[in-house]
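In: Dropping the sequence and predicted coords here.
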Amino acid sequence: MNNAFNFMGAYEATLDVKHRLLLPVDHRRSLEQAGAGNEPLVLNMSAEDRIWVFARSYYPQVVAKIEAKATTDAELAEIRYYMQGNAELVERDGQNRILLPARFREQAGIDRDVVVVGINDHLEIWRADDWKGRMSGIKSSGSPKKWGLSHTLS
C-alpha cells in the first residue's frame, strides 16, 4: 500500500433507513489508487464532532502522528484513549456502503442528510446543514479573496 491518499471534493448523500452511507465514487477511486480498495475503514470523531473516516492500514500512521505531539505521559494516555478507544472498524458491503453506528451519528447530530468531504488523507462526514453553513461563513468572511481565489492562479 502506498498511502498516497488524495481525497478531495464534497458530495451530498443521504443515509438509507438502516443508516448506511454509500461512499462516493471518487472517494472509492482514491482508496483504490492508494492500495486500500476493499479494506475496512476506521471511524472516529473529530474534536468538532464530525465523523472521520480512514483506511484501516493508514490509521496507525495517523495515531502515531498525533501521539508524537504529546508532551507528557498523561497527554499521551489521553490521546491513546481517544484515538484507539473511540475508533470503530467498519466493513463496506457489496454496494460500497458503510454503516454509521448510532454513537457516531448522535455525536455528530446526523439524521439522514450528510456531506462527505475529502480532506487529503481522510474523509469527513458532516451534517449537511453544518457543511452549508461553514461554506457560507467562509465565503462571507472574504477569505477566498484573501487567498487569491478571486482570479486565475498562476
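Out: Received it, and whenever you're ready, just let me know what you need. Numbering: from 1, shown residues only.

In: show me where pLDDT drops low in this structure?
Out: Scanning the chain for pLDDT under 70 picks out the ranges 1-3, 144, 146-154.

In: and with 90 instead?
Out: For the chain, residues meeting the criterion pLDDT under 90 lie at 1-6, 8, 27-38, 47, 62-85, 120, 138-154.

In: who's in contact with I125?
Out: Counting by CB atoms under 8 Å, 6 or more residues apart in numbering, I125 touches 21, 50-51, 53, 100, 108, 110, 114-117. For glycine as for every other residue, the C-beta is placed from the backbone atoms N, C-alpha and C.

In: F104: what secondary structure?
Out: For F104, the assignment made with DSSP: H, G, I helix; E, B strand; the rest coil gives helix.

In: That one and V90 touch, don't they?
Out: No: the pair F104 / V90 is not scored as a contact, 9.5 Å apart, by CB atoms under 8 Å.

In: Identify the contacts common to these two.
Out: In contact with both F104 and V90: L43, using CB under 8 Å, 6+ apart.

In: okay, the two: which has more neighbours?
Out: More neighbours surround F104 than the other of F104 and V90, with 22 against 19 (other CB atoms under 10 Å).

In: Could you export the longest helix along the chain as CSV, keeping only the C-alpha atoms?
Out: The residue-count maximum for a helix in the chain (DSSP state H) belongs to helix 128-140. The C-alpha coordinates for helix 128-140 follow below in CSV (Å, rounded to 0.1, in the frame of the first residue of the first chain):
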residue,chain,number,x,y,z
ALA,A,128,-25.4,18.7,5.5
ASP,A,129,-26.7,21.9,7.2
ASP,A,130,-23.4,22.3,9.1
TRP,A,131,-21.3,22.0,5.9
LYS,A,132,-23.5,24.5,4.0
GLY,A,133,-23.2,26.9,7.0
ARG,A,134,-19.4,26.5,7.1
MET,A,135,-19.0,27.2,3.4
SER,A,136,-21.3,30.2,3.6
GLY,A,137,-19.4,31.5,6.5
ILE,A,138,-16.0,31.1,4.7
LYS,A,139,-17.3,32.9,1.6
SER,A,140,-18.9,35.8,3.5
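
In: what's that helix packed up against?
Out: In terms of contacts (3 or more CB pairs under 8 Å, 6 or more residues apart in numbering; DSSP states H and E), helix 128-140 is packed against strand 113-119.

In: related to what we said a few turns ago, of the contacts of I125, which pair is most distant in space?
Out: Greatest spatial distance among these (CB to CB): L100 and V117, at 14.8 Å.
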